[in-house]
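In: Based on what follows, work out the 3D shape:
(chains A and B)
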Amino acid sequence: MLKNAFLTLLSLAIAIVGGGGSVWYALKVQDGVGAIRIGQWRAFPDIGTPSADPYSKARVAREGVLALGRAEGLSFVAERDAGGAELKRECTYTIEGGFPTARFWTLYAADQSLGVVETSRPRLAALQSYGVVRQPDNSVIISAGHRPMPGNWLLTDGFGRMYFVLTFYDTPIASSTGLSDVSLPRIVKVGCDA
Amino acid sequence: MRSLYAAMRRVFHAVLLGLLGAGIVHIVVLFLVPEFSERDAWSRLSMASDLYKMTRLDAEAGGAPVVKSVDPLFYATACRFDLGEGMVRIKAPGHVPFWSVSVYDRSGHNIYSFNDHTATGGVLDAVVLTPAQMIDVRKELPEELQGAIFVEAPIEEGIFVIRAFVPDDSWKPSVSRFFEQSSCELQDF
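Out: A predicted model of the protein is given here:
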């Protein structure tokens, strides 16, 4: 009798802990289903739409996200550099290359929750396309690091993991057909503070 | 020896049953999260303000941001509405470098979006209404609604969000003013 009760309890415990825990884990990892990868950049064009998968829907509900609409823009997130290493706030990076067609774009350095990183200076850790210097071939070279750098400087600060969030506004690539032949800038590590 | 074998088999049976149950619980919990979440955008906004009241989403207005993670170079404001009470009209006079608008349903799904290139003269003037209300309005379009953008949404409760680009600090006052002048009102018809 006691043995039966124990076995029932064991089954129930595995079901509830395993089921609940796996949902929690699936919602916690950034990498979800429905992601589109272009180089080091990742986008979720379907997130926040009624046609999103159940995992995206649960994440939207749990985190209170109001995702950008198709006519507004599309966000890309990078968490690794071209060498495959995780982006670190204490490192210096060069972001270079061409950008797809859009009315304008913004780029910012983000923390784990994808909020902009706090800087101890009166300058945002963000850049936008109207305020950058371009190369003769219309490509852009951006240096991201703690110390001021010539050209386009994206200020970062602090230590730990970092993400780059690149958002294109009023862009044809937000419609799913436009995403196939888009190329995004490369993120190359220059060096790190010890 | 035989009883040990039998006991092992029963434990194995229980574990297998548990894993099957875990799969079912996983699916059930996944579909219940959106239903019962108290941290979704609607719940957060309803804690911050009433229906038909524009509420700033960015941290600039003071305090922590109501809804997380908007672009740091953007300001955003939102109002909740209930189409069951009638159609809602959103207006924001003035010009900013870029604005865009999204209509979300109760659970935070983006159901319609447009930007300033869509609007007449770049001025934000929109009406959100249900298909049934649209039929009524079509019969006799009031003079004052002539230039408005009509957003037909098959929902009752929803959220209207305006986002505006702030290219640099010098634009902050005029974008803030743009939002202060914005209105979200129940439209009589």
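In: What number of residues are in the vicinity of residue 8?
Out: Because you didn't say which chain, this covers chain A. When counting by other Cβ atoms under 10 Å in any protein chain shown, one arrives at 13 neighbours for A:Thr8. C-beta coordinates here come from the backbone N, C-alpha and C atoms, glycine included.
In: wait, chain B
Out: 10.
In: Can you tell me the SS state at it?
Out: At B:Met8 the chain is in helix, as set by DSSP: H, G, I helix; E, B strand; the rest coil.
In: Just the terminal-to-terminal distance for stretch A:108-121.
Out: In stretch A:108-121, first residue to last residue: 15 Å (Cα to Cα, to the nearest Å).
In: Show me which residues of it are buried.
Out: Going by neighbour count (16 or more other Cβ atoms under 10 Å in any protein chain shown), the buried part of stretch A:108-121 is A:Tyr108, A:Ala109, A:Ala110, A:Asp111, A:Leu114, A:Gly115, A:Val116, A:Val117, A:Thr119.
In: closest to A:Ala126 among these?
Out: Here the nearest of the buried residues of stretch A:108-121 to A:Ala126, counting by Cβ to Cβ, is A:Tyr108; it sits at 3.8 Å.
In: Please enumerate the strands of chain A.
Out: Taking DSSP state E as the test, the strands found in chain A are A:36-38, A:41-43, A:73-78, A:91-97, A:104-110, A:126-128, A:140-145, A:152-155, A:163-169, A:186-192.
In: least reliable of those strands going by mean pLDDT?
Out: Lowest mean pLDDT within the strands of chain A: strand A:36-38, a mean of 85.
In: ok, now how distant is the residue lying closest to A:Trp41 once chain neighbours are set aside from chain B?
Out: Spatial nearest neighbour of A:Trp41, chain neighbours left out: A:Phe76 (4.0 Å); criterion: Cβ to Cβ, 6 or more residues apart in numbering or on different chains. According to Cβ to the nearest Cβ, to the nearest Å, A:Phe76 and chain B sit 12 Å apart.
In: ok, A:Phe76 - contacts?
Out: By Cβ atoms under 8 Å, 6 or more residues apart in numbering or on different chains, A:Phe76 lies in contact with A:Ile38, A:Trp41, A:Arg42, A:Ala43, A:Val165, A:Leu166, A:Thr167, A:Phe168, A:Leu184.
In: Let's see that with 10 Å instead.
Out: For A:Phe76, the contact set (Cβ atoms under 10 Å, 6 or more residues apart in numbering or on different chains) comprises A:36-44, A:100, A:105, A:107, A:164-168, A:173, A:182, A:184.
In: again with A:Ala85
Out: The contact partners of A:Ala85, by Cβ under 10 Å, 6+ apart, come to A:Cys91, A:Lys189, A:Cys192.
In: Name the nearest residue to the second one, ignoring sequence neighbours.
Out: The reference is to A:Lys189. In space, and not counting its chain neighbours, A:Lys189 is closest to A:Asp81: 4.8 Å by Cβ to Cβ, 6+ apart.
In: So that neighbour sits against A:Leu87, correct?
Out: Yes - if you go by Cβ atoms under 10 Å, A:Asp81 and A:Leu87 touch, sitting 6.1 Å apart.
In: who touches both of those two?
Out: The overlap between the contact sets of A:Asp81 and A:Leu87 (Cβ under 10 Å, 6+ apart) consists of A:Gln40, A:Tyr93, A:Phe164, A:Ile187, A:Lys189.
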